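Novice: Sharing a sequence plus its predicted fold:
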Amino acid sequence: APAQAARFDFTGASGLVRSRTIVRHPDQVATGRFYMPMDGLWPEGAQTVTIVLDAAPGPNARVMACSQ
């Protein structure tokens with residue numbers, strides 16, 4: 001996807017939502033790939049994450065999570 005921005009909405013067990021946004025510089029190539037650390041949210045971690053892009057994700061979109 002030719003996305004230049006992505007917002008990650010993390011929801012904790014209590015229902016509290018914390019958002020983090022990545023916005024690329026206009027001169028950067030829009031690869032559609034974004035890296036977002038999931039630390040520093042809650043000690044127990046997030047229950048869900050919703051990702052909002054500024055462009056359609058395309059037919060082969062996927063989300064990968066790494067534990068380290």
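Specialist: Happy to help now that I have it.
Novice: Where does Ile22 sit: helix, strand or coil?
Specialist: Following DSSP: H, G, I helix; E, B strand; the rest coil, the label given to Ile22 is strand.
Novice: For it, give its distance to Gly15.
Specialist: Separation of Ile22 from Gly15 (CB to CB, to the nearest Å): 24 Å. In this view, the C-beta of every residue, glycine as well, is placed from N, C-alpha and C.
Novice: Check Arg7 too.
Specialist: According to CB to CB, Arg7 stands 18 Å off from Gly15.
Novice: Those two: which has the busier surroundings?
Specialist: Arg7 (16 against 7; other CB atoms under 10 Å).
Novice: Tell me the gap between the host helix or strand of that one and the middle of its chain.
Specialist: According to DSSP states H and E, Arg7 maps onto strand 5-11. Strand 5-11 sits 4 Å away from the centroid of its parent chain (CA atoms, centre = their mean, to the nearest Å).
Novice: So what are the sheet partners of it and their directions?
Specialist: strand 17-23 (antiparallel), strand 48-53 (antiparallel) (DSSP bridges).
Novice: For Gly32, which of these is the nearest?
Specialist: Nearest to Gly32, of all the strands paired with strand 5-11, is strand 48-53, at 7.8 Å by CB to CB.
Novice: Could you list the buried residues of the closest one?
Specialist: Residues of strand 48-53 classed as buried: Leu53 (neighbour count, 16 or more other CB atoms under 10 Å).
Novice: Over to stretch 3-18?
Specialist: Of all the residues in stretch 3-18, those buried under the rule 16+ other CB under 10 Å are 3-4, 6-8, 10-12.
Novice: Of those residues, which pair is most distant in space?
Specialist: By the measure CB to CB, Gln4 and Gly12 form the most distant pair in these, at 28.0 Å.
Novice: Point out where the protein drops to low pLDDT.
Specialist: Low-confidence segments of the chain, defined by pLDDT under 70: 1, 67-68.
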